[in-house]
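**Q** Sequence and predicted structure below; questions after.
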Amino acid sequence: MTGVLSGFAVIAIVIGVGYVLGRRGTLGAHGMDVLTRLAFMVAGPALLFTTLAQADLSVLFSARLLVTALSTAAVSAVFVAAGVVRRWGVGRTAIGALCSGYVNSGNLGIPIAAYVLGDASLVAPVLLFQVVLVTPIALTVLDLSGMGEKGTLGQRLLTPLRNPIAVGSLSGVVVAAAGWKLPGPVLDPLTLIGNMSVPAALLAFGLSLHGSAAPGRGPDRRLVLLSVALKCLGQPLAAWALATCLFHLHGAPLLDVVVTSALPAAQNLFTYASRYHVAQSLARESILLSTVVSVPVLVGVAAVLG
């Protein structure tokens, strides 16, 4: 339980600092936009590149990852289906689908995996799956839908090669797959820049909370509640069902996949929403509510399966 509570405490403190900065106007009227661009254009790609360039890609091929991938696809598909029926639009539906299945595998997943599961590396397959596959696909959808920069058809089809997040992720995969070892003078500055990504995203999220309405009460109320229900209840239940019935996992492996699936929506989703100027309130409220709701869910999962 210590890992769950300590992980949430760290996030809450940094977000709280961002809220205070926003309330006092310390960073000015454009502070959130600057931090968002910093995280999306510079620090985020650097973090993903350095992480993936040194990763063991063999962890991508495992039953645990298949459970994660299938559970993510299941809850995202439910939200997409609802978005199509209710005509929520491509941008709002894409962000809502991400909030329904994209877990906070970095700044929350790592400490929880270390303290609850006993091995921080267990979150690596989820992290790799999300940054290598889910993020490029989602951002490409937003770009091709017209949410990103306008351009010719050829330019828009090449958006994965122009998106900083996707480029950073794919470049890191290429380096890891080739077995290249980057020298210190190249890797160290990128690592230093990448270390700004998580705090920048959390501070921007905190800044956005100042002056915002209470979560779950705005115009996107139904979308928020649906995404939170899918993220905090639907995804861990889907992971448990897939792991036990299809892959016959039990014991520690079963606990691993259910805990990682029960993690809340990642804060960088708000960065993506802000960058594309779409569904920002949906992303902010979904992240906040799923973070709060996931605390008892994670404690319950650890108590039942641990």
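**A** Perfect, I can see it now.
**Q** Need the nearest residue in space to residue 231, chain neighbours excluded.
**A** Taking C-beta to C-beta, 6 or more residues apart in numbering as the measure, residue 231 lies nearest to residue 290, with 4.7 Å between them; neighbours along the chain are not counted. C-betas here are computed from N, CA, C, even on glycine.
**Q** Which secondary structure elements does the host helix or strand of that neighbour sit against?
**A** Assigned by DSSP states H and E, residue 290 belongs to helix 280-305. Counting contacts by 3 or more C-beta pairs under 8 Å, 6 or more residues apart in numbering; DSSP states H and E, helix 280-305 packs against helix 2-24, helix 90-101, helix 197-209, helix 221-229, helix 252-261, helix 268-276.
**Q** Let's see that with 10 Å instead.
**A** For helix 280-305, the packing partners by 3 or more C-beta pairs under 10 Å, 6 or more residues apart in numbering; DSSP states H and E come out as helix 2-24, helix 90-101, helix 109-112, helix 197-209, helix 221-229, helix 235-241, helix 252-261, helix 268-276.
**Q** for this structure, which spans come out with low pLDDT?
**A** In the predicted model of the chain, residues 1-8, 59-61, 106-108, 110-111, 114-116, 118-121, 146-163, 212-217, 306 satisfy pLDDT under 70.
**Q** before we move on, the earlier item: pull out the buried residues from the helix holding residue 290.
**A** Neighbour-count burial for helix 280-305, counted by 16 or more other C-beta atoms under 10 Å, picks out 280-291, 293-294, 297-299, 301-302, 305.
**Q** what's near enough to touch the residue nearest to residue 231?
**A** 99-100, 103-104, 215, 224, 227-232, 262-266, 297 (C-beta atoms under 10 Å, 6 or more residues apart in numbering).
**Q** Selecting buried members of the residues you listed in ChimeraX, what would you type?
**A** In ChimeraX syntax, the buried subset of the contacts of residue 290 is picked out as below (16+ other C-beta under 10 Å):
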select :99,100,103,104,215,224,227,228,229,230,231,232,262,263,264,265,266,297
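**Q** Please save the CA atoms from stretch 290-303 in PDB.
**A** Backbone C-alpha positions of stretch 290-303 (Å, rounded to 0.1, in the frame of the first residue of the first chain) are rendered in PDB as follows:
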ATOM      1  CA  SER A 290      -9.500   8.700 -12.600                       C
ATOM      2  CA  THR A 291      -6.500   9.500 -10.300                       C
ATOM      3  CA  VAL A 292      -8.800   9.900  -7.300                       C
ATOM      4  CA  VAL A 293     -11.000   6.900  -8.100                       C
ATOM      5  CA  SER A 294      -8.000   4.600  -8.900                       C
ATOM      6  CA  VAL A 295      -6.600   4.900  -5.300                       C
ATOM      7  CA  PRO A 296      -9.300   2.600  -3.700                       C
ATOM      8  CA  VAL A 297      -9.300   0.400  -6.800                       C
ATOM      9  CA  LEU A 298      -5.600  -0.200  -6.600                       C
ATOM     10  CA  VAL A 299      -5.700  -0.900  -2.900                       C
ATOM     11  CA  GLY A 300      -8.600  -3.300  -3.500                       C
ATOM     12  CA  VAL A 301      -6.800  -5.100  -6.300                       C
ATOM     13  CA  ALA A 302      -3.600  -5.500  -4.200                       C
ATOM     14  CA  ALA A 303      -5.600  -6.800  -1.300                       C
END
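**Q** Torsion angles phi and psi at the residue positioned nearest the centre of the chain?
**A** Among the residues of the chain, residue 266 comes closest to the average C-alpha position under C-alpha atoms, centre = their mean, at 3.4 Å. Summarising the backbone geometry of residue 266 under the convention degrees, to the nearest 10, its torsions are phi -80, psi 140.
**Q** cool, residue 103 as well?
**A** The phi/psi pair for residue 103 (degrees, to the nearest 10) reads phi -90, psi 160.
**Q** element containing the closest residue in space to residue 274 that isn't next to it in sequence, please.
**A** Spatial nearest neighbour of residue 274, excluding adjacent residues (C-beta to C-beta, 6+ apart): residue 36 at 4.4 Å. Using DSSP H and E, residue 36 sits in helix 31-37.
**Q** Run the chain-centre distance for that helix.
**A** Remark: helix 31-37 is offset 18 Å from the chain centroid, using C-alpha atoms, centre = their mean, to the nearest Å.
**Q** rewinding a little: give me the number of neighbouring residues for the residue nearest to residue 274.
**A** Counted with other C-beta atoms under 10 Å, residues neighbouring residue 36 total 26.
**Q** With the one 3 residues further on instead?
**A** Neighbours of residue 39 under the rule other C-beta under 10 Å: 30.
**Q** Also residue 25?
**A** Using other C-beta under 10 Å, residue 25 has 10 other residues around it.
**Q** got the contact list for it?
**A** By C-beta under 10 Å, 6+ apart, the contact list for residue 25 reads 31, 210.
**Q** No further questions, thank you.
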